[in-house]
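K.L.:
Show me how the following folds:
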Amino acid sequence: MSSRKMNICDEREQRRLADYAERSKCASKMNRKQYKRYHSPVITAEREKVEAELSAMNPLEPEVRHFLSFEGFAELYLRMRDLYPTQLEAYERLEDFYITITGKRRYSEFSSFRRVLNRLLHKT
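P.N.:
Got it, this is the predicted structure:
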């Protein structure tokens, strides 16, 4: 009896997967005009050029990726705030490092960072 139950479940799962595959196949169909546009030599060459540029980029170091995340930024701020005369100076110094890496500020001002940090600290 249990093997029969498993067969029924397997059949249902297979039917569900087949339905999903059929739906996704229909969603990706293009008409002739769309197909010509996305498979034209100009578009194909540009696509290959962009993909070559992206694959030539070096991946970020794990430390940099951690710093760019909110958790990493907050963790470094919590370490740095005791090393500077004011919390604002520690935050601005950290923002300077962030700007050198990304070219823009992470937060518009210290108060917006504090709101996000307090929300995180009070959750846990």
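
K.L.:
Check the gap between the residue nearest the centre of the chain and Leu54 for me.
P.N.:
In the chain, the C-alpha closest to the average C-alpha coordinate belongs to Ser69, at a distance of 10.2 Å (Cα atoms, centre = their mean). Distance, Ser69 to Leu54, using Cβ to Cβ, to the nearest Å: 21 Å. Yep, even glycine has a C-beta here, placed from its N, CA and C like the rest.

K.L.:
what do you get for Tyr84?
P.N.:
Note on Tyr84: its distance to Leu54, by Cβ to Cβ, is 38 Å.

K.L.:
got it, and Glu92?
P.N.:
Counting by Cβ to Cβ, the separation of Glu92 from Leu54 is 33 Å.

K.L.:
So for these two, which residue has more residues nearby?
P.N.:
Each of Glu92 and Leu54 has its neighbours counted (other Cβ atoms under 10 Å); Glu92 has more, 14 against 8.

K.L.:
For that one, pull up the helix or strand it's in.
P.N.:
Here Glu92 sits within helix 87-102, counting by DSSP states H and E.

K.L.:
Dump the very next helix or strand once past that helix to PDB, restricted to CA.
P.N.:
Under the assignment DSSP H and E, the closest C-terminal helix or strand after helix 87-102 is helix 110-123. Coordinates of each C-alpha in helix 110-123 appear next as PDB, following Å, rounded to 0.1, in the frame of the first residue of the first chain:
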ATOM      1  CA  PHE A 110      24.900  60.000  10.500                       C
ATOM      2  CA  SER A 111      21.300  60.100  11.800                       C
ATOM      3  CA  SER A 112      20.000  57.800   9.100                       C
ATOM      4  CA  PHE A 113      22.700  55.300   9.800                       C
ATOM      5  CA  ARG A 114      21.900  55.500  13.500                       C
ATOM      6  CA  ARG A 115      18.200  54.800  12.900                       C
ATOM      7  CA  VAL A 116      19.100  51.700  10.800                       C
ATOM      8  CA  LEU A 117      21.700  50.600  13.400                       C
ATOM      9  CA  ASN A 118      19.300  51.000  16.300                       C
ATOM     10  CA  ARG A 119      16.600  49.000  14.400                       C
ATOM     11  CA  LEU A 120      19.100  46.200  14.000                       C
ATOM     12  CA  LEU A 121      20.300  46.300  17.600                       C
ATOM     13  CA  HIS A 122      16.800  46.200  19.000                       C
ATOM     14  CA  LYS A 123      15.700  43.300  16.900                       C
END
